[in-house]
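In: below is the structure, and that's it, no one-letter string:
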């Protein structure tokens, strides 16, 4: 089950950053040089440093094409990793750095216009940048000049979600127990259009449904999963509310290939599956993590693949199609459905993001060792 047992079936590329990042998201932009076995992908990052100027960062990464061949000579037996393969080094090149107010808690691009990126800050404000309107090198005097300030929260937070069906509709979550819906318009400052107040503790994450333009979900430290409909006039009572876990719920993700399925991750060390048609009953609970889970994300390329990561320094990749098919031999490697596990001994996994390469999963490490690790599943 461990990745070292499949060293030449899977590859790992690593790259050290100057500063840790709490956020990472692949952009859709891909450049494919003619005659090469790799392509250039854009990645959104953000710095996390208390003593120096922080930045929103746009970087390029070389990733192998679908038909690229691995070069076994680049395999590091001691680390159990590939430093690169073929003509691909996995190196990250910083293309754009934009001054930011404090560390970047999270950054997410607008699906309808990926040049527009919303960020959560250590303050209550949400900032919006159009990175095409900013120079590639930041103002040396440290001035932060976002294209838009969004007001509505009283404290900082992490949850950010752009509506994939309604351009410009942005949800944000906060430590002040609220969720704000903002619709950016002309001007430099925009107040929240609607504030949702159903949770009784820190709202950790929020996400729009991928198919229904008025539906979204939220999770919080009150251990609840809530679903909301923006068409409702009641902003203090969700459409549905369920006690989802036995500890704080840190993250959620709607399944791209299903209208009804979503996953949640919790401080109780479990990943839970839910069906929107009957939230009273948990579909399944994945149990393998040793500490709290901070992110879950479905693969956009495979309808049964789900990734989870947390403070136990583990990246787990689950295959729902394997549930119920476990042999006694497989049981020795882990619970049903656990397809892949990677343990890193120096820091903790915080972010998981799948790029547009069908067989590649990206994982990002933070805190004491600011290392980007890219896992390639062939």
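Out: Arrived safely. Remember, it's a predicted structure, so these values are computed and weren't measured experimentally.

In: low-confidence ranges in this structure?
Out: 1-13, 66-91, 325-334, 344-352, 355-378 (pLDDT under 70).

In: what about the helices in it?
Out: Applying DSSP state H to the chain gives helices spanning 328-331.

In: domain parsing for it?
Out: The chain breaks down by automatic domain parsing into domains covering 1-104, 109-377.

In: include mean neighbour count when you put those domains into JSON lines, please.
Out: Backbone N, C-alpha and C define where each C-beta goes, glycine included. Formatted as JSON lines, the domains of the chain follow (neighbours: other CB atoms under 10 Å):
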{"stretch": "domain 1-104", "mean neighbour count": "17"}
{"stretch": "domain 109-377", "mean neighbour count": "19"}
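
In: what's opposite residue 24 in the beta bridge?
Out: residue 45 (DSSP bridges).

In: doesn't residue 47 make contact with it?
Out: No: Residue 24 lies out of contact with residue 47 (CB atoms under 8 Å); the separation is 11.9 Å.

In: residue 119 is in contact with residue 156, correct?
Out: No: checked against CB under 8 Å, the pair residue 156 and residue 119 is beyond contact range at 11.3 Å.

In: overlap in contacts of the two?
Out: Common contacts of residue 156 and residue 119 (CB atoms under 8 Å, 6 or more residues apart in numbering): residue 105.

In: list the beta-bridge partners for residue 63.
Out: residue 39.

In: swap that for residue 106, please
Out: Where residue 106 sits in a bridge, its partners, by DSSP bridges, are residue 120.

In: how about the residue lying closest to residue 258 once chain neighbours are set aside, what does it touch?
Out: Counting by CB to CB, 6 or more residues apart in numbering, residue 303 is the residue found nearest to residue 258 once chain neighbours are left out, at 7.5 Å. Each residue near residue 303 by CB under 8 Å, 6+ apart is listed here: 255-258.

In: which pair of the residues you listed spans the longest distance?
Out: Spanning the widest gap among the contacts of residue 303 are 256 and 258, at 7.7 Å by CB to CB.

In: what pairs with residue 340 across the strands?
Out: residue 317.

In: do I have it right that it meets residue 316?
Out: Yes: counting by CB under 8 Å, residue 340 does reach residue 316; the two are 7.3 Å apart.

In: who touches both of the two?
Out: Common neighbours of residue 340 and residue 316 are not found (criterion: CB under 8 Å, 6+ apart).

In: so what's the nearest residue to residue 279 once chain neighbours are set aside bridging to?
Out: Leaving aside its sequence neighbours, residue 279 sits nearest to residue 242 (CB to CB, 6+ apart; 4.5 Å). Counting by DSSP bridges, residue 242 forms beta bridges with residue 225.

In: what residues does residue 242 make contact with?
Out: Residues in contact with residue 242 (CB under 8 Å, 6+ apart) are 224-226, 274, 279-280.

In: any idea how far residue 34 lies from residue 262?
Out: Distance, residue 34 to residue 262, by CB to CB, to the nearest Å: 41 Å.

In: so residue 292 versus residue 126, what's the distance?
Out: Distance, residue 292 to residue 126, by CB to CB: 25 Å.

In: wait, what's in contact with residue 249?
Out: 204-205, 219-221, 223-225, 264-267.

In: mind listing the residues bridging to it?
Out: Residue 249 forms beta bridges with residue 266, as assigned by DSSP bridges.

In: for it, give its distance to residue 274.
Out: Distance from residue 249 to residue 274, by CB to CB: 11 Å.

In: mutual contacts of those two, please.
Out: Residues touching both residue 249 and residue 274 (CB under 8 Å, 6+ apart): 225, 264.

In: what about stretch 112-130, start to end distance?
Out: 13 Å (CA to CA, to the nearest Å).

In: any idea how far that stretch is from the chain center?
Out: Put simply, stretch 112-130 sits 15 Å off its chain's centre (CA atoms, centre = their mean, to the nearest Å).
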